[in-house]
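*Asks:* just a sequence and a predicted model for now, questions to come.
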Amino acid sequence: MMDKGIIQGIKNIVGKENVVEDKETRICYSYDATNLKYLPDLVVYPFNREQISAILKLANEARFPVIPRGAGTGFTGGTLPVGGGAVLVLTKMNKILQIDPENLLAVVEPGVVTFDLQKEVEKIGLFYPPDPASLKTSTIGGNVAECAGGPRAVKYGVTKDYVLGLEVVLPTGEIVSTGVQTVKSVVGYDLTKLLVGSEGTLGVITKIILRLLPLPKSKRTMLAIFPTIEAAANTVSQVIRSKIIPTTLEFMDNPCIRCVEDYLHLGLPVEAGALLIIEVDGPPEVVAQDIQEIQKICQANQAIETKVARDNQEAEELWKARRAVSTAVVKLNPTKINEDITVPRSKVAEILRRVEAIGKKHNLIIVNFGHAGDGNIHVNIMIDKRRPGEEERAHAAVKEVFEATLELGGTLSGEHGIGITKAPYVYMELGDMGLEVMKRIKKAFDPNNILNPGKIFPEGKAAAGH
Amino acid sequence: MKTLPEVLEEARQCVKCGTCMAQCPVYIETLEEPLVARGKLGLIEAVSEGDGELSKRFGKILSQCLLCGTCAENCPNGIRADEIIREARSLLVKEKGLSLPKKAIFKYLLDSEHLLNLLLKGAASLQHLFLKKIPEESGLRLRFPAPVLDQRRLIPPLAHDSFLDLHTGWVRAEKETMRVGLFVGCVSNYLFPRIGRSTLDLFLRHGVSVYIPESQRCCGLPAFGSGDEETPLSLARKNIEAFEEEGLENIVAPCASCASMLKLDYPLLFDESDPFRARALAFSAKVTDASKFLAQFFGQETTKDRKSPKAIRVTYHDPCHLRRKLGIFKEPRDLLKTLPGVEYVEMREANRCCGQGGSFNIANYDLSLKILGRKIQPIEETGADIVATACSGCLLQLMDGFHQQGLKKEVRHLVEMVDQATIL
């Protein structure tokens, strides 16, 4: 529990109407999309960097944790108050401060919803490519803190590729600006890149300068169904080898196809080994050629069926299966352990084979879908916690999946981050020294461990992720 | 009525993905987690598990939902958060009772035999004492502060004679081809009898004889939405009995909210073991919203060829109860498009909730106006002269909104539009 005097101090900073103590409100800020729960002591709605700075200075004096939070749609618990403290809700700092078509950039506050920014810039023919599945609800601040990805990463990269500069309140309360408003800059360490993906452990982001692109003139979408995972994986490799970079290259495995077909009855062949959704964008002439060529590659790789959408509406139809997959698989078992491993593109078929073997070994249902084009696979272990031993077997399987991923030159997380759910495993990828360097960086930024403690680095109870 | 463990099990199905945050009209205005479905379900779960109490604050948070169903429509896991929230409200009422003003209104006014009628009759003749006329507008405003109503609110005057004062029993069409029962609804009965009149006239012109039981009452939705299940149960029995005797095939309600209550919620009120349940199911199966019923007369045949000198521009607002609960959205548009002298324009986000939400707008007037503001903007963009809709709640809300913003636009019930445009 937080001291009355401290709470009064926070009220003096942001106004008493922006500080909420009642348990009912705190319960509403105790979870995120992991559906794990930790009750905060206080909920605070700040409106500007000065208020955040004052709160963090107070937090260093009085030693209470401060947890920045956007929309709370993260999958690894990055915004859970594992040790109590004050949740800093940034959703109300949601102004788009500037859209600059001459320099192709936008300046925004952290609470801007990603989709809202995309709609605004697209009105004037510009483009902000990162498209995490949560984009209609998640905030740019959260996307930056977690370095969110999305299907378009194959061609356009992830959030870090679009952040030019940040304004950040450090854990000790000082306000710094990092980065630039230019394309080039080499002045000292690249603090911007360090802060992107730091999961709210190194600073509270209060302003973001984003790089924009011209909006592609057209887009074509196709769906291809394959008898085996290998055929689909070979198609992916051959598409890339033929020097076409699709905007998205999404895949679903056989269990996903079965679930979606059960759920939506789209007429998908339930015996199929894999399904790909491929999109290309660019000038209409180029796009028309590309999609034709990709279709040929699919057919040369034993595709059972290929469908090219003629218009947006047909494209939406093709996306239906992929969009429904998260929902459909929950029908298999109530709890989804959702990993987002990433391997080199050429190893996609190999990792899927290994995941299947791990599932069989531990007698678990594992379904895979995700972004084949960049090797980012969502491995979903579907369990029922009510069955004794199943959760323990799932954790053992996760560890083996991670080992296989690392063996193939991959990484534990493509776009979800570490938070608390993956913290017990980070040492596998970083090694003791890698982890130690990161801990030193954290200590340099946040000597009193005030800001979002218990994340990334395995420690105590939080490491268990319950 | 569901039990606590049943409600808890439903609330638990929410995986907290947050998709509802992009859709919820209340969250969009406030950006605070307790205001969105995910927050409320999380809270219901915690309270039912004993980690929290049936506190005043819990009640307040539960009250801040329009029950518009937008979250449910978009939920990837198909969770009916609106229904769960209403069920939680009713559990709260069962434990803690209704607030005094609500108790007075629901139990003693809506459900009493003659009190509401008498009171509103008296009020109709005395309303000039409490309310003042607003120049050049058809509404009234409170003269003195009242305990529940906001003084800025526009209040339509009570009709001198209610619809049911003037029309009851059988009204026969000249060349009868069909017979229906008419469920008038309170707003049409007491405030805008012209809606009932238009429905009646339209039916008669199309050979439909109309039975209007004198003993019909409020549908019970205001009480039901607030978590009171006793009053609606009592009202439901009376309404079902009122329509039973004449062997009707169809019962038509011009108000979408009434239609939704009669058709979808009445069966829920009666336990499986209640012998009255079969009668409720039979009654509900006969209920149709007026626009869907009217579509059979206008659906195919176009009346457009009747030349009209100057077209008026009309747009349509989807009531939540019609679109999301009853799944009716095509018929009202088809009707408007066939009307002579009407240029139909579709507004952006026509299915966005207007912010009325039953008692929501009384308890949260400022928030309700903000939500309404987001509705009015797309209406203005269409340049329409008239907004047609099919629910009495939306009607009152949009009227108030146009008045607050000083807009010279009319809000009309769909049946009135159809009646007047096809009268010749």
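*Replies:* Perfect, thanks for sending it.

*Asks:* can you tell me which residues in the stretch 201-350 of chain A are near chain B?
*Replies:* Residues of the stretch 201-350 of chain A lying close to chain B (Cβ under 8 Å from any Cβ of the partner chain) are A:324, A:326-327, A:330, A:336. The C-beta positions use only the backbone N, C-alpha and C, and glycine is treated the same way.

*Asks:* kindly reformat the residues you listed as a markdown table containing pLDDT and neighbour count.
*Replies:* Formatted as a markdown table, these follow (pLDDT from 0 to 100; neighbours: other Cβ atoms under 10 Å in any protein chain shown):
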| residue | pLDDT | neighbour count |
| --- | --- | --- |
| A:A324 | 84 | 19 |
| A:S326 | 80 | 20 |
| A:T327 | 77 | 19 |
| A:V330 | 81 | 20 |
| A:K336 | 88 | 18 |
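
*Asks:* tell me the one of those nearest chain B?
*Replies:* A:T327 (4.3 Å; Cβ to the nearest Cβ).

*Asks:* domains of chain B?
*Replies:* Following the assignment in automatic domain parsing, chain B carries domains at B:4-96, B:163-294, B:297-421.

*Asks:* of those, which is nearest chain A?
*Replies:* So among the domains of chain B, domain B:4-96 is nearest, using Cβ to the nearest Cβ, at 3.8 Å.

*Asks:* can you give me the end-to-end span of the closest one?
*Replies:* Domain B:4-96 has its terminal residues 14 Å apart, counting by Cα to Cα, to the nearest Å.

*Asks:* check contacts around residue 230.
*Replies:* Here I'm looking at chain A. Counting by Cβ atoms under 8 Å, 6 or more residues apart in numbering or on different chains, A:E230 touches A:273, A:349.

*Asks:* my bad, the chain I had in mind was chain B
*Replies:* B:K107.

*Asks:* looking at the chain, which helix or strand is least sure?
*Replies:* In the absence of a named chain, chain A is used. helix A:312-329 (a mean of 87; mean pLDDT, DSSP states H and E).

*Asks:* look at chain B instead
*Replies:* strand B:140-142 (a mean of 65).

*Asks:* surely B:C17 touches B:P76?
*Replies:* Yes: with contact defined as Cβ atoms under 8 Å, B:C17 and B:P76 form a contacting pair (6.5 Å).

*Asks:* let me know the pLDDT of B:S99.
*Replies:* pLDDT, B:S99: 77.

*Asks:* the closest residue to A:A303 other than its chain neighbours in helix, strand or coil?
*Replies:* In space, and not counting its chain neighbours, A:A303 is closest to A:A224: 4.7 Å by Cβ to Cβ, 6 or more residues apart in numbering or on different chains. Per DSSP: H, G, I helix; E, B strand; the rest coil, the secondary structure class of A:A224 is strand.

*Asks:* any idea how far A:G15 is from B:S273?
*Replies:* 54 Å (Cβ to Cβ, to the nearest Å).

*Asks:* out of those two, which sits in the busier spot?
*Replies:* A:G15 (13 against 6; other Cβ atoms under 10 Å in any protein chain shown).

*Asks:* so how many other residues sit close to A:I7?
*Replies:* Counted with other Cβ under 10 Å, A:I7 comes out at 19.

*Asks:* so it is in contact with A:V19, correct?
*Replies:* Yes: counting by Cβ under 8 Å, A:I7 does reach A:V19; the two are 6.7 Å apart.

*Asks:* the stretch 201-350 of chain B: helices as residue ranges?
*Replies:* For the stretch 201-350 of chain B, applying DSSP state H, counting those that start in this stretch gives helices covering B:221-225, B:230-244, B:256-260, B:266-269, B:277-286, B:290-298, B:320, B:330-338.

*Asks:* quick one: average confidence on the first one?
*Replies:* Average pLDDT, helix B:221-225: 93.

*Asks:* and it, C-alpha only, in CSV?
*Replies:* Only the C-alpha atoms of helix B:221-225 are listed here, as CSV (Å, rounded to 0.1, in the frame of the first residue of the first chain):
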residue,chain,number,x,y,z
LEU,B,221,-37.1,-2.2,-20.8
PRO,B,222,-36.0,0.8,-18.7
ALA,B,223,-36.3,-1.3,-15.5
PHE,B,224,-34.8,-4.4,-17.2
GLY,B,225,-31.7,-2.5,-18.3
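
*Asks:* and that helix, what does it pack against?
*Replies:* helix B:81-96, helix B:230-244, helix B:256-260 (3 or more Cβ pairs under 8 Å, 6 or more residues apart in numbering or on different chains; DSSP states H and E).

*Asks:* count the residues that sit near residue 206.
*Replies:* Let's take chain A. A:T206: 24 surrounding residues under other Cβ under 10 Å.

*Asks:* nope, chain B
*Replies:* By other Cβ under 10 Å, neighbour count at B:H206 equals 16.

*Asks:* do you know how far the closest residue to B:V7 other than its chain neighbours is from A:V163?
*Replies:* Once flanking residues are discounted, B:V7 sits nearest to B:E87: 4.9 Å by Cβ to Cβ, 6+ apart. In this view, B:E87 and A:V163 are 45 Å apart by Cβ to Cβ.

*Asks:* got it, and B:E229?
*Replies:* For B:E229 relative to A:V163 (Cβ to Cβ), the value is 53 Å.

*Asks:* who's more crowded, the two?
*Replies:* Taking other Cβ under 10 Å, B:E229 and A:V163 do not tie; A:V163 has more neighbours (25 against 22).

*Asks:* which ones are touching that one?
*Replies:* By Cβ under 8 Å, 6+ apart, the neighbours of A:V163 are A:144, A:179, A:192-193, A:196, A:208-211.

*Asks:* one more time with 6 Å
*Replies:* Residues in contact with A:V163 (Cβ atoms under 6 Å, 6 or more residues apart in numbering or on different chains) are A:144, A:192, A:196.

*Asks:* per-residue pLDDT, the first one?
*Replies:* Right, the one you point to is A:V144. 98.

*Asks:* ok, now which ones touch it?
*Replies:* So A:V144 contacts A:159, A:163, A:196, A:205, A:208 (Cβ under 6 Å, 6+ apart).

*Asks:* so where's the stretch 251-400 of chain B shaky on pLDDT?
*Replies:* B:299-309 (pLDDT under 70).

*Asks:* get me the contact residues on it for chain A.
*Replies:* Counting by Cβ under 6 Å from any Cβ of the partner chain, no position of the stretch 251-400 of chain B is adjacent to chain A.

*Asks:* tell me the gap between stretch A:159-168 and the middle of its chain.
*Replies:* In terms of Cα atoms, centre = their mean, to the nearest Å, the centre of stretch A:159-168 is found 16 Å from the chain centre.

*Asks:* need the CA coordinates for that stretch. PDB is fine.
*Replies:* The C-alpha trace of stretch A:159-168 is given here as PDB (Å, rounded to 0.1, in the frame of the first residue of the first chain):
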ATOM      1  CA  THR A 159       8.400  -0.100 -35.300                       C
ATOM      2  CA  LYS A 160      12.100   0.600 -34.600                       C
ATOM      3  CA  ASP A 161      12.600   1.200 -38.400                       C
ATOM      4  CA  TYR A 162      10.300   4.200 -38.100                       C
ATOM      5  CA  VAL A 163      11.300   5.900 -34.900                       C
ATOM      6  CA  LEU A 164      13.600   8.900 -35.600                       C
ATOM      7  CA  GLY A 165      13.500  10.400 -32.200                       C
ATOM      8  CA  LEU A 166      11.900  10.400 -28.800                       C
ATOM      9  CA  GLU A 167      11.200  12.700 -25.900                       C
ATOM     10  CA  VAL A 168      11.600  10.600 -22.700                       C
END
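
*Asks:* buried sites along it?
*Replies:* A:159-160, A:162-168 (16 or more other Cβ atoms under 10 Å in any protein chain shown).

*Asks:* possible to save those as JSON lines with pLDDT, distance to A:H371 and secondary structure?
*Replies:* As requested, the buried residues of stretch A:159-168 are arranged in JSON lines below (pLDDT from 0 to 100; distance: Cβ to Cβ, whole Å; DSSP: H, G, I helix; E, B strand; the rest coil):
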{"residue": "A:T159", "pLDDT": "98", "distance to A:H371": "14", "secondary structure": "helix"}
{"residue": "A:K160", "pLDDT": "97", "distance to A:H371": "16", "secondary structure": "helix"}
{"residue": "A:Y162", "pLDDT": "98", "distance to A:H371": "17", "secondary structure": "helix"}
{"residue": "A:V163", "pLDDT": "97", "distance to A:H371": "20", "secondary structure": "strand"}
{"residue": "A:L164", "pLDDT": "96", "distance to A:H371": "25", "secondary structure": "strand"}
{"residue": "A:G165", "pLDDT": "96", "distance to A:H371": "27", "secondary structure": "strand"}
{"residue": "A:L166", "pLDDT": "97", "distance to A:H371": "26", "secondary structure": "strand"}
{"residue": "A:E167", "pLDDT": "98", "distance to A:H371": "31", "secondary structure": "strand"}
{"residue": "A:V168", "pLDDT": "98", "distance to A:H371": "29", "secondary structure": "strand"}
